[in-house]
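K.L.:
quick one, fold the following:
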Amino acid sequence: MTVIVHISDLHISKSDFNKDAFFDAVREINTLAPDMIILTGDLTQNGFHDEFIEASNYLKEFDPLCLLFQEIGILVT
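P.N.:
Take a look at the predicted model:
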């Protein structure tokens, strides 16, 4: 059986991100031994460069690595 996990809207930031909840979810997801993890929604809280760097480090905790479908929803006028 193929196992696909979908997670969404992590909103990673330096101030409001719940690291304990994230690592609890990582352990639970990795226990499932998924064939694929798909991440959609808001990856970071504010879209700052340092948040994306931090997010890339967090995503390395998943096994397998996440397949990331991300649209950066920043409106510049």
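K.L.:
which stretches of the protein have low pLDDT?
P.N.:
65-77 (pLDDT under 70).
K.L.:
let's see that with 80 instead.
P.N.:
64-77 (pLDDT under 80).
K.L.:
quick one, helices of it?
P.N.:
19-31, 49-59 (DSSP state H).
K.L.:
mind listing what's buried along the first one?
P.N.:
By that I understand helix 19-31. 25-26, 29 (16 or more other C-beta atoms under 10 Å). (Each C-beta comes from the backbone N, C-alpha and C, glycine too.)
K.L.:
got the angle for it vs helix 49-59?
P.N.:
Per axes from the mean of the first three to the mean of the last three C-alpha atoms, to 10 degrees, the angle that helix 19-31 makes with helix 49-59 is 40 degrees.
K.L.:
for helix 19-31, packing partners?
P.N.:
strand 4-8 (3 or more C-beta pairs under 8 Å, 6 or more residues apart in numbering; DSSP states H and E).
K.L.:
and the contacts of the strand it packs on?
P.N.:
25, 29, 32, 34-41, 66 (C-beta atoms under 8 Å, 6 or more residues apart in numbering).
K.L.:
next, the buried residues of it.
P.N.:
Those buried within strand 4-8 under the rule 16+ other C-beta under 10 Å are 5, 7.
K.L.:
that strand pairs with which strands?
P.N.:
Strand 4-8 has its sheet partners listed here by DSSP bridges as strand 36-40 (parallel).
K.L.:
what about the partner strand, distance to the chain center?
P.N.:
Relative to its chain's centre, strand 36-40 lies at 8 Å (C-alpha atoms, centre = their mean, to the nearest Å).
K.L.:
what do you get for stretch 32-44?
P.N.:
Centroid separation for stretch 32-44 versus its chain: 6 Å, with C-alpha atoms, centre = their mean.
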